[in-house]
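A.B. asks: Give the three-dimensional model of this entry:
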Amino acid sequence: MFARLAAVSFLTGGIPVRAPNAALWLVAFLHMIAGEVVMSASAADRSLILERTIPLENVTGRIDHMAIDLAGGRLFVAELGNDSVDAVDLPAGEVTQRLSELKEPQGIAYIADRDMLVVANGGDGSARLYRAGDMSFLGSIALGKDADNVRIDPVTGHVLVGYGNGGLAILDPTTHSKVGDIRLVGHPESFQLEQKTGRVFVNVPDAQQIAVADLKLRDQVAAWKVPGLAANFPMAFDDTSGQLAVAFRRPARLVLLNTTTGAVTESVDTCGDADDVFFDRKRGRIYVSCGDGRVDIVQDEPPGLLQAGYVATSRGARTALFVPEIDRLLVAAPSHGAGSAAAILVFRPSD
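C.D. replies: Have a look, this model is predicted:
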């Protein structure tokens, strides 16, 4: 999937090893966490098993989104309330680098073939670019205010950033410049790209709609509403099945939408304060990460969506990242005061 296969150094049995690709760091990662499973055997039938907790020391406040460098085995964590971004070495289970003095970092993306990190700052509306290897600063692009979610267009290589009172900025990572805009009627929250059609689906909760935009036209072409539901923040799209999942907060409900008409095809109750949702196609599941301290596991199979259970996380642990390539769900848990460090909770899906 990613072009860059960087050499990674980690310890296995106390002997330094050079990993030529992502497969080797993954082997080390899996061996390391095998001895750190913290749930009891009686909980082995759960759909998600907590394998390890990676502390984020000296991190206070809300934690927002995450991005992963698969080849390098690094997880990047946007720590909004701490004005920082941490780089976590997943095989070692520790923070190795930190970007400080940011302005409420919210969205984050990693561009593998450039080894570049893009950080969207809500506090000053900037998209800041860094060389991920050494966290050196490459440049900043001013967007106005409230820069938020970030996605990479795999077709053009452009970076899309939701920002302001209604826009998706289109950035060129080569020239470090803004090259276009897609105007919307309100602030965009989560959005997803459909590669084969060149469309982008955007949650616009202020307008109680899911906007559909054409990336080539750089214009909104449709607006879908779901009667009786509001506060649509997280969204996931599955390229294989063409399913679009949107989680609403008022009331708390997960829906699947027809991507031709916008009609609801299925729905099910879910946890409160949802902020991330992911498809696990291997198991026919959908994971919904919620700030009320749980991840809901929804089974997506005939005859329809079924609430299959949940796993407890931590109050305020709203954001997560499911990485199919390593088959892990990573949940960002904030600190709750003295003696309670922020952490990344690593969950292994059971089969």
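
A.B. asks: mind checking the SS state of residue 59?
C.D. replies: Secondary structure, DSSP: H, G, I helix; E, B strand; the rest coil: residue 59 is coil.

A.B. asks: Sketch out the low-pLDDT regions of the protein for me.
C.D. replies: Within the chain, the ranges that satisfy pLDDT under 70 run 1-46.

A.B. asks: which residues does the nearest residue to residue 335 once chain neighbours are set aside bridge with?
C.D. replies: Leaving out its chain neighbours, the residue that sits closest to residue 335 by C-beta to C-beta, 6 or more residues apart in numbering is residue 342, at 4.3 Å. From N, CA and C alone the C-beta is placed, and that goes for glycine too. Taking DSSP bridges as the rule, residue 342 bridges to residue 56.

A.B. asks: What of residue 246?
C.D. replies: With DSSP bridges as the criterion, residue 246 is bridged to residue 235, residue 255.

A.B. asks: was I right about it contacting residue 237?
C.D. replies: No. In this structure, residue 246 is not within contact of residue 237 by C-beta atoms under 8 Å, at 9.8 Å.

A.B. asks: Those two - which one has more neighbours?
C.D. replies: The neighbour count for residue 246 versus residue 237, taken as other C-beta atoms under 10 Å, is higher for residue 246 (27 against 22).

A.B. asks: Break the chain into its domains for me.
C.D. replies: Under the assignment automatic domain parsing, the domains of the chain span 41-60+226-351, 62-225.

A.B. asks: Distance from the first one to the middle of the chain?
C.D. replies: By that I understand domain 41-60+226-351. On the basis of C-alpha atoms, centre = their mean, to the nearest Å, domain 41-60+226-351 sits 11 Å off its chain's mean C-alpha point.

A.B. asks: doesn't residue 81 fall inside a helix?
C.D. replies: Yes. For residue 81, which was evaluated using three-state DSSP, the result is membership in a helix.

A.B. asks: contacting residues for it?
C.D. replies: Neighbour list for residue 81: 60-63, 104, 334 [criterion: C-beta atoms under 8 Å, 6 or more residues apart in numbering].
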